[in-house]
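Asker: what follows is a protein structure lacking sequence information:
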């Protein structure tokens, strides 16, 4: 006994726009669209009226004009005569530099702390939770400012390195840690160094090839080939041999004390170091929690099953636990990298010239082009975020559990 | 079996031996230490290293605290009193206490007002945070924002009263029209609220001295009070917006969905500091010419937008985690969208999202310090600006930053502990 009601027939009535579920969503969307357009029109109208009242316009010509300010830490050649565009480019590179260094160090500290939080040692466990809780629960801006203040207050000034009986000495005669910044030897690439670098890169490719081969041998023939020591040998030996064959083309330039300051070598300003440390230590606390959660997420049965198959502890870790833990760890890890990159915009608090400091700081103040500068600034960060999200989606799809 | 050995002497002992105590190394403290501190050479090394580290910290910090001086009026006097000894100069905290809490421009005879507002905040939060509190107290929570506004900003009591009257009118209009449909009720409520507020604004203008407190301008707010104001206001405002955005993103209507997606992804893709720059220098261009919206309000708008996007993502996770059956069950009961969401979906989804929401709230509260960069004088701004730059206290880093760390740690740590407690309270499944 089935009654199939006829679909409502008859002509379309206006009231159906509100009462009929088939059409109601169109009504809502139409209203939303109208409201959105009205809102944008209102904001745009206000913007135009305000710009006219202030005698301004929207133009990006300022990017081509000379910047007229110095930047104290640059990766590419830059003088105060360069354009605002080049200043922004310096800022972009500085942002990427501190983000890259920060991600690297945060990962190392975070993984170590995360693993130690699961250690057998009660004291270490407690210490690590204290570290994680303290750093997670205090704003990163405060950490940046504290570390900057500590650097300036605790580390010696370059002038302390002078004299016959200096108050401070250089580490290994090559590294100087001063309140103004860190000095390290810089490599100088002579003729023939290209060959050495090429050999080095080739040996890195060789390591991957060798590991692939070892894996294949294990999976196909069940043959165990040790990988650790051969990899180490492939990493060092060819490059060092090539280095001596080509007559030691790469030399180091050591920082030297001349006058009141060090000259030569690589110089990292205290603001860069402080920002780098603060961001890494802060983010590492979050990464440690992710790592811990990831390791705990692999059920104990997996370890026991692997052990009952006769695998050794190292192989259990490498072949069973880590691949499963990484699937849990990596997505939040990448989102922490993203956070670190966004937090690096706090550089402006310690005077490190990243993009926020150049384009969003001095350029904005000098030219008064607030709307344009902030628009470009947002666009840059948005591009980075979207790029990283895209990479993350690709990765997630690659490691997704293959279900039926 | 056989009886071969039935009469022979029992080979197996048939009385129990008295229990022996375990070996000294396998019991009590020694066992615990062996298992937890000295298991293997590597663990022992780690233990010794940590002990050394703790020893260094304690011996370094103890004299600093013990010799701390609380009563001088400048760093130079502190150094004189310490006379070369290690010691903290905590007198910067006692001398600048009010500045650290309220900023340096808030009228000093009105300090009781934000203090009272803070105490009332705790009372208002009590029924929200503690599910077993009497439900009638939620009425006070609803009234609290208006009291707090009046206490902190001053002016006539009529201003918040009129706005409150608007909301009350809106509520009754909503109740009146809710029977027709939910959206009808919302529309009627919105219109009633706006009409009453618009009509009522003549009252404070006509009687500016009716039960008035001394008015304080927004730019005079500062210190930790500013962090608290920004944190509580933005978190509570961003919750409803976040729910709407999350529902919008889940919606089957493409235009609404894409508006929400673009908003959320845009906000999440840029650092908060650029949004604060927008509040500082750009947002004013988008208001009607001649209007003068003050900086605190602009900052509140941008931080709320920022937090809404993050809360929307958390709630979307909660919505996605609900089993499909819950949606279908609601449909099969014949509930419409608004009813299904209010009665079935959101209560469960919000419960799942609580840890995430608290994480966002803690993160947001920490991020309120960023306003120091657009030269507002919150706690960090006060320390960085007026206090460290003053001649008396130039160079007192550890004490001031230690205080800032301490304050933020206390607040954020207790919020996260609270959320863990609440999760246990709300766990209705049997595990």
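Answerer: Happy to help now that I have it. Computed from a predicted structure; not experimentally measured.

Asker: how close does residue A:148 get to residue A:350?
Answerer: The gap separating residue A:148 from residue A:350 is 5 Å, by C-beta to C-beta, to the nearest Å. In short, each C-beta sits where N, CA and C put it, glycine included.

Asker: tell me the secondary structure of residue A:78, please.
Answerer: Taken by DSSP: H, G, I helix; E, B strand; the rest coil, the conformation at residue A:78 corresponds to coil.

Asker: so which strand or helix has the closest residue in space to it that isn't next to it in sequence?
Answerer: Distances taken as C-beta to C-beta, 6 or more residues apart in numbering or on different chains put residue A:90 closest to residue A:78, at 5.1 Å, once the chain neighbours are dropped. Following DSSP states H and E, the helix or strand that holds residue A:90 is helix A:84-116.

Asker: ok, residue A:131 next?
Answerer: Taking DSSP H and E as the criterion, residue A:131 maps to helix A:122-136.

Asker: tell me the secondary structure of residue A:262, please.
Answerer: strand.

Asker: quick check: beta-bridge partners of it?
Answerer: On the basis of DSSP bridges, residue A:262 takes part in beta bridges with residue A:257.

Asker: list the contacts of it.
Answerer: Contacts for residue A:262 (C-beta atoms under 8 Å, 6 or more residues apart in numbering or on different chains) come out as A:158, A:161, A:176, A:178, A:183, A:255, A:256.

Asker: buried subset of those?
Answerer: For those, burial is judged from neighbour counts taken by 16 or more other C-beta atoms under 10 Å in any protein chain shown, and it is met by A:158, A:161, A:176, A:178, A:183, A:255.

Asker: quick check: neighbours shared by residue A:148 and residue A:350?
Answerer: Taking C-beta under 8 Å, 6+ apart as the contact definition, residue A:148 and residue A:350 share the neighbouring residues A:271, A:274.

Asker: wait, doesn't the residue nearest to residue A:78 sit right on residue A:353?
Answerer: Yes. Using C-beta atoms under 8 Å, residue A:90 makes contact with residue A:353 at a distance of 6.9 Å.

Asker: joint contacts of these two?
Answerer: Looking at what touches both residue A:90 and residue A:353 (by C-beta under 8 Å, 6+ apart), the common residues are A:71, A:74.

Asker: in terms of pLDDT, where does residue B:87 sit?
Answerer: At residue B:87, the predicted lDDT confidence score is 79.

Asker: quick one, what contacts the residue nearest to residue A:78?
Answerer: By C-beta under 8 Å, 6+ apart, the contact set of residue A:90 is A:71, A:74, A:75, A:76, A:78, A:353, A:358.

Asker: recalculate using a threshold of 7 Å.
Answerer: Remark: with contacts taken as C-beta atoms under 7 Å, 6 or more residues apart in numbering or on different chains, residue A:90 is in contact with A:71, A:74, A:76, A:78, A:353, A:358.

Asker: count of neighbours near the residue nearest to the first one when sequence neighbours are not counted?
Answerer: In this case it means residue A:71. If the residues on either side of it in the chain are set aside, residue A:71 comes closest to residue A:353, at 4.7 Å by C-beta to C-beta, 6+ apart. Burial of residue A:353, expressed as a neighbour count using other C-beta atoms under 10 Å in any protein chain shown, amounts to 26.

Asker: do the same with residue A:108
Answerer: Residues lying near residue A:108 (other C-beta under 10 Å) number 13.

Asker: what does residue A:106 give?
Answerer: Summarising burial for residue A:106: neighbours were counted as other C-beta under 10 Å, giving 26.

Asker: one more: residue B:65?
Answerer: The local packing of residue B:65 (other C-beta under 10 Å) involves 11 other residues.

Asker: residue contacts, it?
Answerer: Residue B:65 touches residue B:88, counting by C-beta under 7 Å, 6+ apart.

Asker: where's it, which helix or strand?
Answerer: Using DSSP H and E, residue B:65 sits in helix B:40-66.

Asker: with residue A:252 instead?
Answerer: Assessed by DSSP H and E, residue A:252 sits inside strand A:250-253.

Asker: would you mind pulling the contact partners of that strand?
Answerer: Outside strand A:250-253, the residues within contact range by C-beta under 7 Å, 6+ apart are A:185, A:186, A:187, A:188, A:189, A:190, A:193, A:196, A:243, A:264, A:265.

Asker: what residues are up against residue B:101?
Answerer: B:223, B:224, B:225.

Asker: most surrounded residue in those?
Answerer: Of those, residue B:223 is surrounded by the most neighbours, 25 neighbours in total, counting by other C-beta under 10 Å.

Asker: on that earlier part again, the helix holding residue A:131: how far from the chain's middle?
Answerer: Averaging C-alpha coordinates over helix A:122-136 and over its chain gives two centres that are 24 Å apart (C-alpha atoms, centre = their mean, to the nearest Å).

Asker: does anything pack onto that helix? Which helices or strands?
Answerer: If contacts are counted by 3 or more C-beta pairs under 7 Å, 6 or more residues apart in numbering or on different chains; DSSP states H and E, helix A:122-136 sits against helix A:84-116, helix A:270-297, helix B:40-66.

Asker: could you give the mean pLDDT of the first one?
Answerer: What it means is helix A:84-116. 90.

Asker: give me the angle between that helix and helix B:40-66.
Answerer: Note on geometry: by axes from the mean of the first three to the mean of the last three C-alpha atoms, to 10 degrees, helix A:84-116 and helix B:40-66 are set 120 degrees apart in direction.

Asker: quick check: buried residues in helix A:84-116?
Answerer: Of the residues in helix A:84-116, those buried under the neighbour-count criterion (16+ other C-beta under 10 Å) are A:84-99, A:101-103, A:105-107, A:109-111, A:113-114, A:116.

Asker: who in the stretch 101-250 of chain A is up against chain B?
Answerer: For the stretch 101-250 of chain A, the residues in contact with chain B under the definition C-beta under 7 Å from any C-beta of the partner chain are A:120-124, A:127, A:133-134, A:137-139, A:141-142, A:145-146, A:149, A:153.

Asker: among those residues, the buried ones, what's the ChimeraX command?
Answerer: Provided next is the ChimeraX selection string for whichever of these are buried by 16+ other C-beta under 10 Å:
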select /A:121,123,124,127,133,137,138,139,141,142,145,146,149
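
Asker: what segments of the stretch 151-300 of chain A are strands?
Answerer: When secondary structure is read from DSSP state E, counting those that start in this stretch, the stretch 151-300 of chain A shows strands at A:176-178, A:181-184, A:186-189, A:250-253, A:256-258, A:261-263, A:266-269.

Asker: turn those into JSON lines, columns for distance to residue B:320.
Answerer: Shown next, in JSON lines, are the strands of the stretch 151-300 of chain A (distance: least, C-beta to C-beta, whole Å):
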{"stretch": "strand A:176-178", "distance to residue B:320": "50"}
{"stretch": "strand A:181-184", "distance to residue B:320": "47"}
{"stretch": "strand A:186-189", "distance to residue B:320": "51"}
{"stretch": "strand A:250-253", "distance to residue B:320": "54"}
{"stretch": "strand A:256-258", "distance to residue B:320": "61"}
{"stretch": "strand A:261-263", "distance to residue B:320": "56"}
{"stretch": "strand A:266-269", "distance to residue B:320": "44"}
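
Asker: quick one: buried residues of the host helix or strand of residue B:197?
Answerer: Take DSSP H and E as the rule and residue B:197 turns out to sit in helix B:182-200. The neighbour-count criterion (16+ other C-beta under 10 Å) identifies B:182, B:183, B:185, B:186, B:188, B:189, B:192, B:193, B:196, B:197, B:200 as the buried residues of helix B:182-200.
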